[in-house]
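1. Sequence first, predicted coordinates after that:
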Amino acid sequence: MEGAEKLILHYSKSSISELALRKALYWITDSSAWSLNDLGDLWEVLFEVDDADKKIKYKFERLLNDYVLREILDRHTNDLKQAIVRKSLKDLSI
């Protein structure tokens, strides 16, 4: 991108999963070129931002927050979902 600025964001691997990052980045692809780098304990997200889209950080972090919350919800409801599946399968076998 000609005239693009670089926006670099860092996230702790203990707080943000690679899957949540990649899902959020997927939805940003049309707005900005990006790269995801593994820096040991950190994820580095590099965006190329032009003047037309200075709000890319806000958009990305909103999406990232959504995917992190989905992961937390999934983790906390996994036992309930498994119980529902077991009960449904048991009812079908009767």
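-> Okay, I see it. Since the model is a prediction, treat every value here as computed from it, not as a measurement.

2. Okay, buried residues for the helix ranked longest in the chain please.
-> Using DSSP state H, we find that the single longest helix of the chain is helix 56-93. Neighbour-count burial for helix 56-93, counted by 16 or more other C-beta atoms under 10 Å, picks out 56, 60, 63-64, 67-68. Yep, even glycine has a C-beta here, placed from its N, CA and C like the rest.

3. Go through those residues and name the one nearest Lys90.
-> Tyr67 (33.0 Å; C-beta to C-beta).

4. Asp79 versus the closest one, what's the distance?
-> 21 Å (C-beta to C-beta, to the nearest Å).

5. ditto for Glu71
-> 16 Å.

6. Grab the nearest non-local neighbour of the spatially most central residue of the chain.
-> Residue closest to the average C-alpha location in the chain (C-alpha atoms, centre = their mean): Ala20, at 2.5 Å. Distances taken as C-beta to C-beta, 6 or more residues apart in numbering place Tyr67 nearest to Ala20, at 4.0 Å, with adjacent residues excluded.

7. Pretty sure that neighbour sits against Trp27.
-> No: when contacts are counted by C-beta atoms under 8 Å, Tyr67 is not listed as touching Trp27 (9.4 Å).

8. low-confidence ranges in the chain?
-> Scanning the chain for pLDDT under 70 picks out 1-3, 51-52.

9. Go again with 80.
-> By pLDDT under 80, the weakly predicted segments of the chain are 1-4, 50-54, 93-94.

10. related to what we said a few turns ago, looking at it, the residue nearest to the centre of the chain is touching Leu64, isn't it?
-> Yes: counting by C-beta under 8 Å, Ala20 does reach Leu64; the two are 6.2 Å apart.
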